[in-house]
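Peer 1: Mind folding the following:
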Amino acid sequence: MQLIDRARGVLAGGCDSPVRSGWGIGAPMFVQEAARGAYAYDEEGRRYVDYIMAYGPLLFGHTHPSLMTGLDAIARHGFVWGCTHPQEIRLAERIRAVLPSMERMRFVTSGTEAMMSAIRVARAFTQRDRVLKFSGNYHGHFDLALIAAGASAADGSGGIPAGVRRDALVARYNDLASADELARGLEEQIAAIVVEPIALNMGLVPPADGFLEGLRERAHRWGALLIFDEVITWLRFGLRGAQGRLGVAPDLTALGKIMGGGAPIAAFGGREAVMAVLAPDGQTFTGGTHGGNPFGVAMAHRVLDLFESHPEYLTRMEQRAKSLADGIRTILERRGLAYAVVQQESVVDFKFRVGAASRDYDDARAADPAAYGSYYRAMLARGILLPPSQNEVMFVSTAHGDEDVRETLAAIEASFDVGQCGTSHDSKAKS
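Peer 2: As a prediction, this is how the structure comes out:
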């Protein structure tokens, strides 16, 4: 508690991102001292199996040797130059080769910047202001993105001007009728439809059949642009991302720090004609001293080298995630708990809510936060580090092994056996 008190004495709220504080589930803040492989360590040196994985980008776990060896050699060339350089060009070429929808792109340092910039480009290209987005999708912490956002930002929309709120049309995920109702009469004012192609910030919510195709068709018909937020999904769902996996090409795409193994590098890009609105070719400005910085670019090349040389990694992570999900289902079924466990690729999720898997944010918000808070604390006491928010998911990395899965399932068993996971969703009474 001494470190938490010290943090609160100098950091606003004791943290740099609200989810870390544990405020949403009534849990104390976890203070991490170190990390290695699949494990996080607290200030006392206790080891925890880590399923936060920096909220997604650590595909290879913490401190993978291929990413951490020889960092001095990279740093020796400088962290930031302020000039375009050959490796930046080569990285863009590598990304375009696997994401052909990104005909032209720019590098930034965060997913927030990438999404903010993509929306500005869409507005400049279409000469329109309104944006259709979906409740429970999280696109960063700029003003427009925080309206009805998922992740830990659900109630964090203070300070957003009324004009920004007027420009946002917030529809229900997986519900084309909801989008149509909101857009009716406003079609020619909508600059962009912005969406997580696979939602991962209200738990794991896959797109319903025809949903993304329907958005693609509406964007074309309305004269708007379709923007995919692949900040989490690219690489975690393969080199071609969710768009390649699902066969729907957006007009603009945002990528995040997963490309640099967690290093601060991100990107946005899309069709050549759309990106041509950017200065110096056009009149729209985006920029930043750290965009395409040599250190972040070098880390991104290392990530792609590792990913491309080990295609078996995706399969390995998926198998571990499937074992984890199957084990959780067995534990819940044995107790008559009718909670849906969902798993896709290396992502696992379940909510303290009886019934089918979530299709939208209304479903996700119906889950019991107190029960999850009890579960989180019980698991933490047993050496398992989960995200301190029920809107987040469990991320499996290549560093997680079979023994980690067994340890996790044993902790879940024990947590439920001693009644430490809340009582408001007594299974048989509600199923």
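Peer 1: any idea of the pLDDT on the closest residue to Arg359 other than its chain neighbours?
Peer 2: Distance criterion CB to CB, 6 or more residues apart in numbering; nearest residue to Arg359, sequence neighbours excluded, is Asn174 at 4.8 Å. For the C-beta atoms, the positions are set from N, CA and C on the backbone; glycine is no exception. pLDDT, Asn174: 98.
Peer 1: And Asn174, how far from Asp143?
Peer 2: Per CB to CB, to the nearest Å, Asn174 is found 25 Å from Asp143.
Peer 1: what do you get for Gly78?
Peer 2: For Gly78, the distance to Asp143 - CB to CB - is 34 Å.
Peer 1: More neighbours: which of those two?
Peer 2: Using other CB atoms under 10 Å as the criterion, Gly78 and Asp143 rank with Asp143 on top: 16 against 12.
Peer 1: Now Ser66: closest residue in space that isn't a chain neighbour?
Peer 2: Leu306 (4.9 Å).
Peer 1: Am I right that that neighbour is in contact with Pro65?
Peer 2: No: Leu306 is not in contact with Pro65 according to CB atoms under 8 Å; the separation is 9.9 Å.
Peer 1: Quick one: neighbours of the residue nearest to Arg359, just the number.
Peer 2: By other CB under 10 Å, neighbour count at Asn174 equals 22.
Peer 1: Glu213 too?
Peer 2: 14.
Peer 1: what about it, which helix or strand?
Peer 2: helix 211-222 (DSSP states H and E).
Peer 1: Please apply the same query to Phe125.
Peer 2: helix 111-126.
Peer 1: on contacts alone, who are the packing partners of that helix?
Peer 2: strand 104-108, strand 190-195, strand 225-229, strand 252-255, strand 266-270, helix 272-275 (3 or more CB pairs under 8 Å, 6 or more residues apart in numbering; DSSP states H and E).
Peer 1: can you do 7 Å?
Peer 2: On a contact count with 3 or more CB pairs under 7 Å, 6 or more residues apart in numbering; DSSP states H and E, helix 111-126 meets strand 190-195, strand 225-229, strand 252-255, strand 266-270, helix 272-275.
Peer 1: Quick one: distance of the fourth one to the chain centre.
Peer 2: What separates the centre of strand 266-270 from the centre of its chain is 16 Å, taken as CA atoms, centre = their mean, to the nearest Å.
Peer 1: when you give positions from now on, start the count at 38
Peer 2: Done: numbering now begins at 38, and the last item shifts to strand 303-307.
Peer 1: From the contact counts, what lies against that strand?
Peer 2: strand 141-145, helix 148-163, strand 289-292.
Peer 1: Contacts only, for Ser294.
Peer 2: Careful, residue 294 is Lys and not Ser. Each residue near Lys294 by CB atoms under 7 Å, 6 or more residues apart in numbering is listed here: Pro94, Ser147, Gly148, Ala300, Pro301, Ile302, Ala303.
Peer 1: Okay, strands next: where are they in the stretch 338-468 of the chain?
Peer 2: 376-381, 384-391, 421-422, 431-432 (DSSP state E, counting those that start in this stretch).
Peer 1: mind putting the helices and strands packed on helix 148-163 in a markdown table, distance to Asp397 and mean pLDDT included?
Peer 2: A markdown table is the format used below for those (distance: least, CB to CB, whole Å; pLDDT from 0 to 100):
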| stretch | distance to Asp397 | mean pLDDT |
| --- | --- | --- |
| strand 227-232 | 12 | 98 |
| strand 262-266 | 16 | 98 |
| strand 289-292 | 22 | 98 |
| strand 303-307 | 26 | 98 |
| helix 309-312 | 29 | 98 |
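Peer 1: closest to Ile449 out of the ones you listed?
Peer 2: Nearest of these to Ile449, taken as CB to CB: strand 262-266 at 30.6 Å.
Peer 1: Which positions in the very next helix or strand once past the closest one come out as buried?
Peer 2: Of the helices and strands lying after strand 262-266 in sequence (DSSP H and E), the nearest is helix 278-283. Buried residues in helix 278-283, counting neighbours by 16 or more other CB atoms under 10 Å, are found at Gly278, Ala279, Gln280, Gly281, Leu283.
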